[in-house]
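[1] Quick one: sequence and predicted model below, then my questions.
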Amino acid sequence: MARTTMMALLRRGTPKIPRCLPSILPRFLHSHATSFGFKQVQEDEKSKLVGGVFSSVASSYDLMNDMMSAGLHRLWKDRLVSKLHPFPGMKHLDVAGGTGDVAFRVLESITSVSDRALQEGLSGIEDETKIFVCDINPNMLNVGKKRAVEKGLGEDCSLHWVEGDAEALSFADGSMDGYTIAFGIRNVTHIEKVLSEAYRVLKRGGRFLCLELSHVELPVFKQIYDYYSFSIIPAMGEFLAGDRDSYQYLVESIRRFPNQETFARMILDAGFQKVEYENLVGGVVAIHSGLKL
Ligand SMILES: C[S@@+](CC[C@H](N)C(=O)[O-])C[C@H]1O[C@@H](n2cnc3c(N)ncnc32)[C@H](O)[C@@H]1O
């Protein structure tokens, strides 16, 4: 009996592969482990988990930012935008733009340059400014759109809200004068892909700027900062936003992010030149910059 079955199989040739296997197989073969805070998860799971974090924190995000940083995030974002040197007519992309904090600042800065030029009687300034806020999470973008309306910018045709992934942008090659990413890059699965996409969409001469929570080296300050991060912030998340786990992830993800030097090297490897960084508050935050020449 067994012999006849074997013969039948041999006559039929190669056994049939289930039809769904080719589509499932690559996922098993190519999905690697990656970090989600201090946990190890599969790569394709990470973006879902990060999505869950930001959907959960969207409505309390701006309040929590103010509470956790004692309002300092506003100064850090001002610093980021001052390094961008925004100008009227600029095409700017703010990736992981969330609720629009950086984009509003870029627009404000451009408006004040335009107003000054008008006051000085300068004419002929090209003003087809376009600022794109790109984020993977529609909940964060929706909070941003509401804020734009509250600020009287609901009808402003310079601001564009785009749902999209930093690792695979929908913008054309060489289409942007500036690219910013604030507190976003440590949440992505492949930092290298984000950097190469930033490089691709920038024009020659375009500026890349990244504001990110970084690494504190000074020993005593580090101890205080660690205590604040791991004991106070998750408790604040629980008390103010009813969500301890998301804030626990946020602090863990900071420790997982490459240090200032390593990250600068990654930006260089993506093709950028004149790469430098500035530490703020002893390295709690760093602003990295580079040019596409
Ligand atoms: C901490 S928030 C920062 C928001 C804003 N840039 C700010 O500084 O207030 C991080 C944002 O990154 C977004 N994000 C995470 N992964 C992303 C990805 N792969 N592509 C685009 N946005 C992403 C989240 O949805 C979230 O809005």
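    Now that the structure is in, tell me what you want to look at.
[2] how many other residues sit next to whichever residue of the stretch 1-150 of the chain sits closest to the ligand?
    Proximity of the stretch 1-150 of the chain to the ligand (Cβ to the nearest ligand atom) peaks at Gly98, 2.6 Å away. Every residue, glycine included, has its C-beta placed from N, CA and C. Using other Cβ atoms under 10 Å, the number of residues around Gly98 comes to 26.
[3] Next: Phe38.
    12.
[4] what's the answer for Val143, then?
    Neighbours around Val143, by other Cβ under 10 Å: 18.
[5] Could you verify my assumption that it touches Ser60?
    No: using Cβ atoms under 8 Å, Val143 is not in contact with Ser60; the gap is 9.7 Å.
[6] Whatever helix or strand Val275 lives in pairs with which strands, parallel or anti?
    Per DSSP states H and E: Val275 is located in strand 273-280. Strand 273-280 pairs in its sheet with strand 285-291 (antiparallel), by DSSP bridges.
[7] Please identify the buried residues of the strand it pairs with?
    Neighbour counts over strand 285-291 (16 or more other Cβ atoms under 10 Å) mark 285-290 as buried.
[8] Output it in PDB with nothing but the alpha carbons.
    Below are the C-alpha coordinates for strand 285-291, written out as PDB (Å, rounded to 0.1, in the frame of the first residue of the first chain):
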ATOM      1  CA  VAL A 285      17.800  66.600  23.400                       C
ATOM      2  CA  ALA A 286      20.000  66.900  20.300                       C
ATOM      3  CA  ILE A 287      19.400  68.600  17.000                       C
ATOM      4  CA  HIS A 288      21.200  66.900  14.100                       C
ATOM      5  CA  SER A 289      21.600  68.600  10.800                       C
ATOM      6  CA  GLY A 290      22.900  67.900   7.300                       C
ATOM      7  CA  LEU A 291      22.900  69.300   3.800                       C
END
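[9] Can you show me the helices along this structure?
    Along the chain, the segments classed as helices by DSSP state H run 2-12, 21-30, 43-57, 61-69, 72-84, 101-119, 138-150, 191-201, 219-227, 233-241, 244-256, 260-269.
[10] What sits closest to the residue of the stretch 1-150 of the chain closest to the ligand if chain neighbours are left out?
    Met140 (4.4 Å; Cβ to Cβ, 6 or more residues apart in numbering).
[11] Report how many residues lie close to the one you found.
    24.
[12] isn't it right up against Asp94?
    No: at 12.0 Å, Met140 does not count as touching Asp94 under the criterion of Cβ under 8 Å.
[13] Near the ligand, which residues of the chain? Just list them.
    50, 54, 95-99, 101-102, 135-137, 140, 165-167, 182-184, 187-188 (Cβ under 6 Å from any ligand atom).
[14] and those, which are buried?
    50, 54, 95-99, 101-102, 135-137, 140, 165-167, 182-184, 187-188.
[15] So which elements touch the longest strand seen in the chain?
    Among the segments of the chain that qualify as a strand by DSSP state E, the longest is strand 202-213. Packing partners of strand 202-213 (3 or more Cβ pairs under 8 Å, 6 or more residues apart in numbering; DSSP states H and E): helix 72-84, strand 176-182, helix 260-269, strand 285-291.
[16] repeat that with 7 Å
    Other elements packing on strand 202-213 under the criterion 3 or more Cβ pairs under 7 Å, 6 or more residues apart in numbering; DSSP states H and E are helix 72-84, strand 176-182, strand 285-291.
[17] That one pairs with which strands, parallel or anti?
    strand 176-182 (parallel), strand 285-291 (antiparallel).
[18] residues making contact with it?
    Under the criterion Cβ atoms under 7 Å, 6 or more residues apart in numbering, residues 76-77, 80, 83-84, 174, 176-183, 185-186, 198, 254, 257, 272, 284-293 lie in contact with strand 202-213.
[19] Repeat that for stretch 150-166.
    For stretch 150-166, with Cβ under 7 Å, 6+ apart as the criterion, the contacting residues are 95-96, 103-104, 107, 129-136, 138, 141, 144-145, 148, 170, 181, 184, 188, 194, 197.
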